[in-house]
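Chemist: dropping the sequence and predicted coords here.
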Amino acid sequence: MAIMLTAPGHWRPWGDLFTAVQTGRATAHKALGVNLWEHYVKNPEESSHFDRAMGSFSSFAAADVARLHDFSAYARVVDVGGSQGVLLAAVLQAHPSCRGILFDLPHVIDGARARVEAEGLGQRMDLVAGSFFEPVIPAAEAYLLKHILHDWDDASSTAILRQIHGAALPGARLLVVEMVMPDGGEPSRTALLDLNMFVLADGRERTAREYEELLASTGWALERITPAPSGVSLIEARKR
Ligand SMILES: C[S@@+](CC[C@H](N)C(=O)[O-])C[C@H]1O[C@@H](n2cnc3c(N)ncnc32)[C@H](O)[C@@H]1O
């Protein structure tokens, strides 16, 4: 995480925070010449630090998610934008009857292979490369979506949720894992992450109501939101 935060992909956009606040737009494109995700495609070493940082960050929340939701009814669970598969591995280890599908961009999936094998999950986890903006997400009974929607503005988040909805089997569950923004503007760690997503990616953290509206507008019925000890919340929705 420390290496990721001090690498150009993060510190250059943050260095122009003033412009981001003045213009209301992420500075990543101006600072890096491309958007953050294209920057990682072009810089494999930095990308591998980012992926390992995501895995490290996910390890805090993984046990919470595996404990808070009963995955045993699902034959297949897809982790959409699942990076190195840390969250999916925890879910599969806690629920031995499930198969997992790790879905992410091609260069990330290539980097995840060795880690999945090392975890001894090669037989239970399929690795699928693709973009969540295209109709290539695998069909399944359940989807994990951790720290993806906060990377994107409402229009892009809507497009991602619609693609998952199109792929999902009837009655499928969507499990969004995010830090939920408090309603009243009180001090919160989530506010710093909100600024980070804004500067880097035109993303944002959202309140419970904003998640409910985003889900409802894309065919997902919110069932419940459960705050977890690690600081994330599990947002459970069902395909309508
Ligand atoms: C903030 S990371 C979250 C990773 C992981 N879900 C976690 O919580 O540790 C965002 C992930 O989205 C992936 N991603 C970005 N654009 C994508 C796209 N168009 N299609 C699929 N994955 C994408 C990135 O490669 C990265 O793994």
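Modeler: That came through fine.
Chemist: which helix runs longest in the protein?
Modeler: If you go by DSSP state H, the chain has its longest helix at helix 44-68.
Chemist: Provide a list of residues in contact with residue 29.
Modeler: residue 35 (CB atoms under 8 Å, 6 or more residues apart in numbering). For every residue, glycine as well, the C-beta is placed using N, CA and C.
Chemist: ditto for residue 170
Modeler: Contact analysis of residue 170 by CB under 8 Å, 6+ apart lists residue 239.
Chemist: before we move on, back to that, identify each buried residue in the longest helix of the chain, please.
Modeler: 46-55, 57-58, 61-66, 68 (16 or more other CB atoms under 10 Å).
Chemist: kindly report the same for stretch 15-31.
Modeler: 16, 20, 26-29, 31.
Chemist: show me where this structure has its helices.
Modeler: Secondary structure of the chain by DSSP H: the helices cover 2-5, 8-15, 17-23, 28-32, 36-42, 44-68, 86-94, 106-118, 154-167, 189-201, 208-216.
Chemist: JSON lines please, covering the ones you listed and showing mean pLDDT.
Modeler: As requested, the helices of the chain are exported to JSON lines (pLDDT from 0 to 100):
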{"stretch": "helix 2-5", "mean pLDDT": "96"}
{"stretch": "helix 8-15", "mean pLDDT": "96"}
{"stretch": "helix 17-23", "mean pLDDT": "95"}
{"stretch": "helix 28-32", "mean pLDDT": "94"}
{"stretch": "helix 36-42", "mean pLDDT": "96"}
{"stretch": "helix 44-68", "mean pLDDT": "94"}
{"stretch": "helix 86-94", "mean pLDDT": "96"}
{"stretch": "helix 106-118", "mean pLDDT": "95"}
{"stretch": "helix 154-167", "mean pLDDT": "98"}
{"stretch": "helix 189-201", "mean pLDDT": "94"}
{"stretch": "helix 208-216", "mean pLDDT": "98"}
